[in-house]
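Q: Give me the fold of what follows.
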Amino acid sequence: MKYSGIGGQSVMEGVMMRNGPDYAIAVRKPDHEIEVKVEKNKGSLFDNKWMKIPIIRGVLSFIDSLVVGLSTLMYSASFFEDEEEEEEENEKKRERKNKKTLDPEKQEKRENAMMTGVLVFSLILAIAVFMILPYYLSELFQRFVTDRTNVVAIFEGVLRLAIFVVYILLISRMEDIQRTFMYHGAEHKCINCIEHGLDLTVDNVRISSREHKRCGTSFLVFVIVISIILYLFIRVDSHVLRIVIRILLIPVIAGLSYELLRAAGRTENKVINVLSMPGMWMQRLTVKEPDDEMIEVGIASVEAVFDWRPFVEEVRREDAAARGTPLEEDTDRESASEEYAESSETIENDGEDKFWL
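A: Next up, the predicted model:
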């Protein structure tokens, strides 16, 4: 598998695909047409000199991804507002236009402030649920063990993972979330398709794996594992100070997790592959098999920001050179599709009956 440099996320009835500072959102609208919007992230950190520094670039990329991800989610959701809500919003817009109470610049500032508020609230809630709550629950566990450091820290990490799994299982019962997980699968399968040297068609995407080492789910698993390791070294008696140190370590944990995820996407090193396995397993909870219409949306999103044809040809040439055989385009494409289909079926059938994805 060759690293393509593209990545993305699922949104409401769609897929966002990103290539450097450029990103495209493809959404299947209520009338079943595909709407594609291409944007350049004005606040992108990709050209920033700090992006060359390990750990720090992980923190910056995480913040950048949160901002872009939230804005694309809000954009995709805008296509599915109720007619009554749309009419009310249109009426308010007409009133604002007639009264001239808000100019476009002020309106944009208000929307940015709202998005910032949602982002800050989400981060605070995540810290409370996935960090502070497991800590205090693990404190109750102390009375049953003699070692109040290592064992308790490991138990805290297990609790954090358990809360995450329960959270995913609960929200996956919602129909909208189930479909979002299916679009998540379309995103993964599109990237896997081209990174394995196949033409980006519905048939080829369908046979591609829905698991990918660069998935955000794998990132969260790395976060949990690294937090367990780092928290082993917190040796203070004050509960408040322990919480403060945990919060201060969040950027470090995020940065280290990013470096592992980055390495996983760029190498086939056996050690990295083993470390990636828990995240790949966890993806069985967050990635679901898409239908053909969802795959079409994923393809539209990729093609809007990434010229996949020369990349796929390069993958085929490298594979042919590794095999020591000449590249015959038509034959190689057919054999590559058949070979990957067989390996993909093996991967997909493994555990198919055990997990709901």
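
Q: now the residue nearest the centre of the chain, nearest residue through space, not along the chain?
A: For the chain, the residue nearest the mean C-alpha position is Gly216 (3.5 Å; C-alpha atoms, centre = their mean). In this structure, Gly216 finds its nearest non-sequential neighbour in Gln9, 6.9 Å apart by C-beta to C-beta, 6 or more residues apart in numbering. In short, each C-beta sits where N, CA and C put it, glycine included.

Q: Next: Asp22.
A: Per C-beta to C-beta, 6+ apart, closest to Asp22 is Val305, 4.9 Å.

Q: so who does the one you found touch?
A: By C-beta atoms under 8 Å, 6 or more residues apart in numbering, the contact set of Val305 is 6, 17-19, 22-24, 38.

Q: do the same with Leu73
A: 11-12.

Q: Need the pLDDT of Val240.
A: Looking at Val240, its pLDDT is 88.

Q: distance of it from Val129?
A: From Val240 across to Val129, the span is 19 Å (C-beta to C-beta, to the nearest Å).

Q: Pull the number of nearby residues for Leu220.
A: 20 (other C-beta atoms under 10 Å).

Q: Can you list phi and psi of it for me?
A: Backbone dihedrals for Leu220, given as degrees, to the nearest 10, come out at phi -70, psi -40.

Q: in the protein, which segments are predicted with low confidence?
A: Along the chain, segments meeting pLDDT under 70 span 42-47, 82-109, 111-112, 145-149, 327-357.

Q: for it, what spans make up the helices?
A: Taking DSSP state H as the test, the helices found in the chain are 56-77, 83-99, 104-127, 133-141, 150-171, 175-195, 202-207, 216-231, 239-248, 250-266, 270-286, 292-305, 308-323, 329-349.

Q: okay if I get the ones you listed as CSV plus distance to Asp31?
A: Below are the helices of the chain laid out as CSV (distance: least, C-beta to C-beta, whole Å):
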stretch, distance to Asp31
helix 56-77, 15
helix 83-99, 13
helix 104-127, 26
helix 133-141, 43
helix 150-171, 28
helix 175-195, 17
helix 202-207, 20
helix 216-231, 30
helix 239-248, 46
helix 250-266, 36
helix 270-286, 29
helix 292-305, 13
helix 308-323, 27
helix 329-349, 32
